[in-house]
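Peer 1: sequence and computational prediction follow.
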Amino acid sequence: MADTSDTRTPAQIEADIRRRREVLAETLDEIGVRVHPKTIVGDARAKVVANLDHTVGRAYVQVNRMVTEVRGQFVNQEGALRLERVVPVALLAVGVVGLLTVGGRRRKG
């Protein structure tokens, strides 16, 4: 059988009860803060911002990689333009702009 006798004095028991009430009050305050709507919204907002930052960061890395790859097609190691690749693309761009301009004039006229 377990010994159920308590050798504490009434003052010790009261002090223990007071400490337990303080701990309980702190715990209840903490729970109150955690379940407060502003806290819940703030936590949700922080999660969304963190996910968005992560997604934007990944997108930035992808775009940077693609730009570097495209740049590598038109610029050599020393940074000079590769005219054999730039000229055909420039001519194609001028041709497309010309066709769009002519097509736009035909519709108006």
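Peer 2: Right, received. Where do you want to start?
Peer 1: counting neighbours, what do you get for the closest residue to residue 39 other than its chain neighbours?
Peer 2: Nearest residue to residue 39, sequence neighbours excluded (Cβ to Cβ, 6 or more residues apart in numbering): residue 33, at 5.7 Å. Bear in mind the C-beta positions are built from the backbone N, C-alpha and C, glycine included. Neighbour count for residue 33, taken as other Cβ atoms under 10 Å: 10.
Peer 1: again with the one 5 residues further on
Peer 2: With neighbours defined by other Cβ under 10 Å, the count for residue 38 comes to 8.
Peer 1: state the distance from it to residue 48.
Peer 2: Per Cβ to Cβ, to the nearest Å, residue 38 is found 15 Å from residue 48.
Peer 1: domain assignment for the chain?
Peer 2: 10-74, 81-109 (automatic domain parsing).
Peer 1: mean pLDDT lowest for which of those domains?
Peer 2: With a mean of 87, domain 81-109 has the lowest mean pLDDT of the domains of the chain.
Peer 1: the residue nearest to residue 39 touches residue 42, doesn't it?
Peer 2: No: judged on Cβ atoms under 8 Å, residue 33 makes no contact with residue 42 at a distance of 10.6 Å.
Peer 1: for the chain, what spans make up the helices?
Peer 2: Using DSSP state H, the helices found in the chain span residues 10-35, 37-74, 83-108.
Peer 1: centre of the chain to the first one, how far?
Peer 2: Spelled out, it's helix 10-35. 39 Å (Cα atoms, centre = their mean, to the nearest Å).
Peer 1: kindly report the same for the longest one.
Peer 2: Distance of helix 37-74 from the chain centroid (Cα atoms, centre = their mean) equals 5 Å.
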